[in-house]
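Asker: Sequence and predicted model, in that order:
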Amino acid sequence: MDIDSIEQVIRARRTIRTLSDQAISMEVIDELLTSSSYAPYHSKEEPWEVIIVKTTQDRQLFVEKIMASYDRLDTWARYDQQNLETAKKRTRDYFLDVPVTLIVTAPKHKSEKLNLEAIGAVSAFIQNFQLAAWSKQIGVTWRTIPVIFDEIFKEAVGVVADRQIIGLLDISAIDEKMKIPTSRRKPLEHWTAQLSDKLKK
């Protein structure tokens, strides 16, 4: 096991919002999903389920449902109203141009413990996907936009009532000409503490 390369991928990975017109085959997506499924989970069964949006027909339906949800949730109220139509077109065009989107879901439990475990496991699955994709020069944007909490949207894209959307993953190849964003992290001492020090406060 090459630990150095794993750490390098973890530190190098970035959210990629710039889209490329390079095709990504279903064979590659399937391979990435298989690798992602090695995430840890607490339940007896793997908790993740994924709906793939890739074909032109599926993409158009998906974007139609997103735009309808934006209208229903009054998401546009936060936008500059003088340029609203431009913003709507830009949003529609972006989602239409994304090569592949994954709708990643987890079971919805009444038990706080089971719900936390399901969300944690599926989040680990998503992180596995992002890291595996990055190693193949594929970028991922993990979106938690308001539509994922819209029950009408969920039903419209095939998510059953007892499941929750943990994220929409927009996937695009990383073009060599793309500018990779930089990332800064707070120093370790800003977010770690010894238990004894915490108890003194």
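Answerer: Thanks, I have it. These numbers were taken from a predicted model, which means no experiment stands behind them.
Asker: which residues sit against stretch 33-48?
Answerer: Outside stretch 33-48, the residues within contact range by C-beta atoms under 8 Å, 6 or more residues apart in numbering are 50, 104-107, 114, 117-118, 120-122, 124-129, 132. Glycine gets a C-beta too; all of them are placed from N, C-alpha and C.
Asker: quick one, longest helix in this structure?
Answerer: If you go by DSSP state H, the chain has its longest helix at helix 112-134.
Asker: How about that helix, which residues are buried there?
Answerer: For helix 112-134, burial by neighbour count (16 or more other C-beta atoms under 10 Å) applies to 117-134.
Asker: Which residues does it contact?
Answerer: Applying C-beta under 8 Å, 6+ apart, the contact partners of helix 112-134 are 9-10, 12-14, 32-33, 35-43, 46-48, 102, 104-109, 139-140, 142, 164, 166-167, 169, 171.
Asker: pLDDT of the very next helix or strand once past that helix, averaged?
Answerer: Next in sequence after helix 112-134, counting helices and strands by DSSP states H and E, comes strand 138-143. The average pLDDT within strand 138-143 is 95.
Asker: One more: stretch 46-57?
Answerer: Averaging pLDDT along stretch 46-57 yields 97.
Asker: Can you give me the first-to-last residue distance of it?
Answerer: End-to-end distance for stretch 46-57: 29 Å, by C-alpha to C-alpha, to the nearest Å.
Asker: I'd like the distance from that stretch to the chain centre, please.
Answerer: With C-alpha atoms, centre = their mean, to the nearest Å as the basis, stretch 46-57 stands 12 Å off its chain's centre.
Asker: Before I go, just wanted to say thanks for your time.
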